[in-house]
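**Q** model the following, please.
(one chain, ligands or ions: 1)
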Amino acid sequence: MIVQTRDELKTAIAQANPQTLGFVPTMGALHEGHARLFAKARTENELVVSSVFVNELQFNDAQDYANYPRDLDADVQLAAQAGVDIVFAPRAEEIYHAGMPLIRLNSGVLGELYEGASRPGHFDGMLAVVAKLLHLADPRQGEYRAYFGQKDAQQLALIRRMVADLDYPVQLRSVPIVRSPEGLALSSRNALLNAEELRAALVLHRAIELISGRAARHEPLNIDDALGLFQMEPLVELDYFVVVDPNTLQELAFNCQDTPFTGQGLVLVAAKVGNVRLIDNQPI
Ligand code: AMP
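**A** I've put the predicted structure just below:
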């Protein structure tokens, strides 16, 4: 079932009267990564609700917003096949019914790092819509769970903090990154890449694999070697490649030639391939 207004969503959830509700927010152009979230929500809940909404507030670049892939018919079909009961596909006026929000969430220091540094306002805008959507899909009774992908690791960390800091009555669940057979992290934006760019984009995964392999063998990471891989791909413009603490997201100093890697980390990478910004990550 597809619903477009807040009232329709509320009525549909009330009528289903579920003991357990799983909610999966998305920006559409759905792929196998989203399907994995739907599948997990399906196995754990009586009712599965997903939203498809391209949130202008989290785009710091108007062209990126205009170019973002949209295909609601295909999305509804994929969601239904993956077991989603209700797709909420609101228009912007429905979400921002009182006009653009005057009261904003501030993503704090965590939101200023990495993606936040390169995309000013991105995380504040993301939190603004996730905060609203979590209210709109709230069943107000029974168990309420929301599902997010580890693909957007910094986003997930921020949503965890928001839910804790603002006492949202929802349990968060996450799923690992779903990749193409060649290793490219699936993303709606991959549809904007041509064949040559798709090939070049594999360097993100190659660089992560190089570093995660060394970490698994407790070798020195020598991150400069990963940076070198990017220099060999003229179509790819690296933004950042860092190893961070998985909890605080603060950068770890593991770049020494002779310090073996121990403990835990998270590799975070972002790069532009042609005009398309891609991110990837991997726990090590
Ligand atoms: P998006 O539509 O890009 O805003 O993503 C909606 C949700 O799907 C977010 O929680 C993403 O982290 C998740 N997601 C997107 N791509 C993937 C992927 N390749 N693997 C796992 N989760 C993903």
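**Q** contact residues of the stretch 101-250 of the chain facing the ligand?
**A** Proximity of the stretch 101-250 of the chain to the ligand (C-beta under 6 Å from any ligand atom) is limited to residues 148-149, 151-152, 175, 177-178, 185-188. The way it works is simple: take the backbone N, C-alpha and C, and place the C-beta from them, glycine included.
**Q** let's have the residues you listed in CSV, adding secondary structure, distance to Leu21 and pLDDT.
**A** Listed next are these as CSV, based on DSSP: H, G, I helix; E, B strand; the rest coil; distance: C-beta to C-beta, whole Å; pLDDT from 0 to 100:
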residue, secondary structure, distance to Leu21, pLDDT
Phe148, strand, 15, 98
Gly149, strand, 19, 98
Lys151, coil, 23, 98
Asp152, coil, 22, 98
Val175, strand, 17, 98
Ile177, coil, 25, 98
Val178, coil, 23, 98
Ala185, strand, 28, 98
Leu186, coil, 25, 98
Ser187, coil, 27, 98
Ser188, helix, 25, 97
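**Q** before we move on, what SS does the closest residue to Glu44 other than its chain neighbours have?
**A** Closest residue to Glu44 apart from its sequence neighbours, by C-beta to C-beta, 6 or more residues apart in numbering: Gly22 at 5.9 Å. When classified by DSSP: H, G, I helix; E, B strand; the rest coil, Gly22 comes out as strand.
**Q** for Gly22, what are its contacts?
**A** Counting by C-beta atoms under 8 Å, 6 or more residues apart in numbering, Gly22 touches 40-42, 44-45, 47-49, 145-147, 173.
**Q** one more time with 6 Å
**A** For Gly22, the contact set (C-beta atoms under 6 Å, 6 or more residues apart in numbering) comprises 41, 44-45, 48, 145.
**Q** so Phe38 sits against Ala80, correct?
**A** No: the pair Phe38 and Ala80 fails to qualify as a contact (C-beta atoms under 6 Å) at a distance of 9.7 Å.
**Q** out of these two, which sits in the busier spot?
**A** Phe38 (24 against 14; other C-beta atoms under 10 Å).
**Q** dump the residues of the stretch 101-250 of the chain next to the ligand to TSV, plus neighbour count.
**A** Compiled in TSV, those are given as follows (neighbours: other C-beta atoms under 10 Å):
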residue	neighbour count
Phe148	20
Gly149	22
Lys151	21
Asp152	19
Val175	19
Ile177	18
Val178	18
Ala185	24
Leu186	18
Ser187	25
Ser188	20
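**Q** now do the buried residues in stretch 184-201.
**A** 184-190, 192-193, 197, 200-201 (16 or more other C-beta atoms under 10 Å).
**Q** ignore the last one, stretch 233-250
**A** Using 16+ other C-beta under 10 Å as the test for burial, stretch 233-250 gives 233, 235-236, 238-239, 241-244, 246, 249.
**Q** over to stretch 201-214?
**A** So, applying 16+ other C-beta under 10 Å, buried residues of stretch 201-214: 201-205, 207-208, 210-212, 214.
**Q** stretch 84-92 too?
**A** By 16+ other C-beta under 10 Å, the buried positions in stretch 84-92 come out as 84-90.
**Q** any chance of these in JSON lines, plus pLDDT and secondary structure?
**A** Shown next, in JSON lines, are those (pLDDT from 0 to 100; DSSP: H, G, I helix; E, B strand; the rest coil):
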{"residue": "Val84", "pLDDT": "98", "secondary structure": "coil"}
{"residue": "Asp85", "pLDDT": "98", "secondary structure": "coil"}
{"residue": "Ile86", "pLDDT": "98", "secondary structure": "strand"}
{"residue": "Val87", "pLDDT": "98", "secondary structure": "strand"}
{"residue": "Phe88", "pLDDT": "98", "secondary structure": "strand"}
{"residue": "Ala89", "pLDDT": "98", "secondary structure": "coil"}
{"residue": "Pro90", "pLDDT": "98", "secondary structure": "coil"}
